[in-house]
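Engineer: After the sequence you'll find the predicted model.
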Amino acid sequence: MKLKRLLYLDWDAIAGVIAAVAAIVMHFLHIIDVEVLVTLTVVLIALLFIRDLRRERTTEQMQRSIESNQDALRAIQSGIIPPDAVLVGPSQLRAASQQFNSHAKGAMTWFHVCLSMFKPQSLFDVLLKSAIENPQVTSIQFILDASQQELWAAQVLPKINVCRGKEKVNPPRWTKIDESVSLIVAEEGVSGKTECLLSFWGEPFMARAADRNVPRYIFHVQGHSELIPRLVELERNFRFGAQTEV
């Protein structure tokens, strides 16, 4: 560490100061004349001026290099095309779902999700409770196949009723859904764009464990994707054709 500190010292300036002090001392001791002292002073000033010119040239070269690197970086960034959707696998599924719920705001729509995955309290807490208790989420609307009414009454509604913010969960809209698509749609709190978690019923996207279906792979569809308007239109078509039951 001491060696590194020595390397960073301004030795040119130190040498100049030492020479100036030595010249003044010798002048007071009458070893050198005033003319020599003046000459030495001029030489030291010239040397310091040359040093500053050299450093200024080095600084200009570094600045040009930095600007060139910045231009190259901007060119790389402009050439990168962000993906429309990000595949989330089993190991990241819970974290991705919780992050999506925590960043969501406004109205959320849960379309054709499998309610049996909410049977374990741990999964319910990660996948739904985090959305219900998110203060930025103002309402949650389920659009479900009518075949899941018993699961809703027995497994989901009792868990919702003990959550903080349960009043924001609207009664489900029940209908006949033949699609294999499952969606969670919400506005992303930072960008303000609509994003969704997209999954599909059946293998390999959904695995059957014991008596329930559990998502295995989902797609996080980004806000700039052309898929978003189509997916939103899909769930709206079923929402307007569905009936609400308490």
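Structural biologist: Thanks, I have the structure now.
Engineer: Let's check: the centremost residue of the chain is which one?
Structural biologist: residue 190 (9.4 Å; CA atoms, centre = their mean).
Engineer: how far away is that residue from residue 109?
Structural biologist: Residue 190 sits 19 Å away from residue 109, taking CB to CB, to the nearest Å as the criterion. For glycine as for every other residue, the C-beta is placed from the backbone atoms N, C-alpha and C.
Engineer: And residue 162, by the same measure?
Structural biologist: Separation of residue 162 from residue 109 (CB to CB): 23 Å.
Engineer: ok, those two, which is more surrounded?
Structural biologist: Using other CB atoms under 10 Å as the criterion, residue 162 and residue 109 rank with residue 109 on top: 21 against 8.
Engineer: Would you mind confirming that the more buried one is in contact with residue 141?
Structural biologist: Yes - counting by CB atoms under 8 Å, residue 109 does reach residue 141; the two are 5.1 Å apart.
Engineer: Need the overlap of contacts for those two.
Structural biologist: Taking CB atoms under 8 Å, 6 or more residues apart in numbering as the criterion, residue 109 and residue 141 both touch residue 239.
Engineer: now the helices for the protein?
Structural biologist: Listed in chain order, the helices of the chain (DSSP state H) span 2-7, 11-28, 34-79, 93-103, 121-124, 130-132, 149-151, 157-160, 227-241.
Engineer: Report the residue ranges of every domain in this protein.
Structural biologist: Residue ranges for the domains of the chain, per automatic domain parsing: 2-79, 85-244.
Engineer: how distant is the longest one from the center of its chain?
Structural biologist: Just to be clear, that refers to domain 85-244. 21 Å (CA atoms, centre = their mean, to the nearest Å).
Engineer: Who are the contact partners of the residue lying closest to residue 188 once chain neighbours are set aside?
Structural biologist: Among residues not flanking residue 188 along the chain, residue 195 sits closest, at 4.8 Å (CB to CB, 6 or more residues apart in numbering). Contact analysis of residue 195 by CB under 8 Å, 6+ apart lists 100, 185, 186, 187, 188, 220, 221, 222, 223, 228.
Engineer: Thanks a lot, catch you later.
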